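Visitor: just to be clear, the model below is a prediction. Sequence and coordinates:
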Amino acid sequence: MGRVTPSVLWFRRDLRLRDNPALLAAVSAAGGDGVVPLFVVDPALWGPAGPSRRAYLSASLRALDEALQDGGGRLVVRHGDPVEVVPALTAEVGAGSVHVAADFGPHGRARDERVEKALAEQEVSFERLGSPYAVAPGTVLNGSGKPYQVFTPFSRAWREHGWHEPAGLPARSAAWRSAPGRDFPDADVPDGLALPSAGEEAARQRWEAFLERVEDYAEDRDRPDRDGTSRMSPHLKWGEIHPRTLLADLADHTGKGATTYRNELAWREFYADVLWNRPDSAREYYRPELAGMAYDPPTTKAFEAWQEGRTGYPVVDAGMRQLRATGWMHNRVRMIVASFLVKDLHVEWQHGARHFLHWLVDGDLASNNHGWQWTAGSGTDASPFFRVFNPTTQGRKFDPAGDYVRRWVPELADLSAKEVHDPSARADGPPEGYPPPVVDHAEERREALDRYEEVRR
DNA sequence: TGAAATGTTGGGGCG
DNA sequence: ACGCCCCAACATTTC
């Protein structure tokens, strides 16, 4: 064993202390010399983030700092390009190693390679241990050693591969060591925003509450008018809880709800795996055939109406307003608004994906963008292009009483269940202040199918 | 994790 | 009693 020096634990999207393999490694590398917990606010990621995303991350960092303070530590927060910030810190504190959970996204991969190289020049090692997934992307391969392109066979192989048990907290508490840098990004939550609670403790509480009713998940998950989803997505996105923990807790449950939920976790891992194998699929059509279709530019009034929740289609508007008000949107509604943008407004999925990533507190490149590709019919396992959601029918089916619409579209608060999903059909038209439909769904559906037919020939 | 168009069936009104 | 039509309900096909 060589000399013992402090180590740096560089947090990125793993903002927790429990079941954090990189933390365990950092503690063991540092001996008694101390672990410096670091977060770097990287302008490349901070820049494009919208107010809710920023506020959520900021709150999560503060929660992490508080948890560290319980053990006598403080989170070091610095701003700038990690390729400069991280080596500067290691030099300052004389650290011998930097520990991270591996990042499998295109930006993170490239960044980590540059940081690793810069650290090597000062003879500091860069240690990747663990990942934000139960099974690391790139691990699950088919019989011929290639990555899966279809979800179902992937998920079978993924389950068979299995995962570790959660690791818990370090056996002996870390000797934290600090350094200057307490410049937390602005935590102000803009007026009117109601964000989910952030942090490891909030994640834990939400998960335990969900476990109580996981058996209803298969039934309720498609109902935006109910609190039937887990709402774990922001916590998973920022690593406030690890999917291993969820999977371990679910192992006691054999019902349909738990099986369905495990499957949703598998989708998350599948999309991360796809992105790892095809980093370009975050921006480019996974299936290039659909890239040649005729689309409309995202500069129309209709696109603006979609972003702001003024399309005249109640369930679409409710979803888009929920997104801006809470940084989150129910998954069923995400599919409906996405279908509307791509099929009714003929706008390319990338523009919708960007809008989502700007506002969502759970916005994850792999899940978000591949979800959009699924809707656009251009992804792995994609929904066929001709599968066009009817926003009125979808609204009636999944929000039968209209409670979800009334919650987010106050102009429609007085409408009956019968009228609320099609307010323009009323004798005197939509109520004061609510717009008529921005496009005619039946017409635009035909238009979308025509354009599809064009590119298919 | 679609919806619309089209086809089929069967009950019931009615001459 | 019978044929005819309407149409709801359901199934199949197509995009």
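Guide: In hand now; what should we look at?
Visitor: per-domain residue ranges of chain A.
Guide: A:7-131, A:132-166+A:200-277, A:288-456 (automatic domain parsing).
Visitor: now do the contacts for A:Leu15.
Guide: A:39, A:60-61, A:63-64, A:199-200, A:238-240 (Cβ atoms under 8 Å, 6 or more residues apart in numbering). All C-beta spots, glycine's among them, are computed from the backbone N, C-alpha and C.
Visitor: surely A:Val77 forms part of a helix?
Guide: No: according to DSSP: H, G, I helix; E, B strand; the rest coil, A:Val77 belongs to no helix; its state is strand.
Visitor: which residues does it bridge with?
Guide: Beta-bridge pairing for A:Val77 (DSSP bridges): A:Phe39, A:Arg182.
Visitor: so who does it touch?
Guide: A:Val77 neighbours (Cβ under 8 Å, 6+ apart): A:38-41, A:61, A:181-185.
Visitor: of those residues, buried ones?
Guide: With burial judged by 16 or more other Cβ atoms under 10 Å, the buried subset of the contacts of A:Val77 is A:38-41, A:61, A:181, A:185.
Visitor: quick revisit: which stretch among the domains of chain A comes nearest A:Ala175?
Guide: When the domains of chain A are compared by Cβ to Cβ, domain A:7-131 sits nearest A:Ala175, at 4.7 Å.
Visitor: of the buried ones among the contacts of A:Val77, just say which sits nearest to DNA strand B.
Guide: Using Cβ to the nearest atom of the strand, A:Leu61 comes nearest to DNA strand B of these, at 31.0 Å.
Visitor: I figured that closest one hits A:Asp183, correct?
Guide: No: judged on Cβ atoms under 8 Å, A:Leu61 makes no contact with A:Asp183 at a distance of 10.7 Å.
Visitor: take the contacts of A:Val77 and lay them out in a markdown table including distance to DNA strand B and pLDDT.
Guide: Shown next, in a markdown table, are those (distance: Cβ to the nearest atom of the strand, whole Å; pLDDT from 0 to 100):
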| residue | distance to DNA strand B | pLDDT |
| --- | --- | --- |
| A:Leu38 | 36 | 98 |
| A:Phe39 | 32 | 98 |
| A:Val40 | 34 | 98 |
| A:Val41 | 33 | 98 |
| A:Leu61 | 31 | 98 |
| A:Gly181 | 41 | 96 |
| A:Arg182 | 42 | 95 |
| A:Asp183 | 40 | 92 |
| A:Phe184 | 36 | 94 |
| A:Pro185 | 33 | 92 |
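Visitor: Three-state assignment for the closest residue to A:Thr326 other than its chain neighbours, please.
Guide: Nearest residue to A:Thr326 in three dimensions, chain neighbours excluded: A:Ala194, at 5.4 Å (Cβ to Cβ, 6 or more residues apart in numbering). Three-state assignment for A:Ala194 (three-state DSSP): coil.
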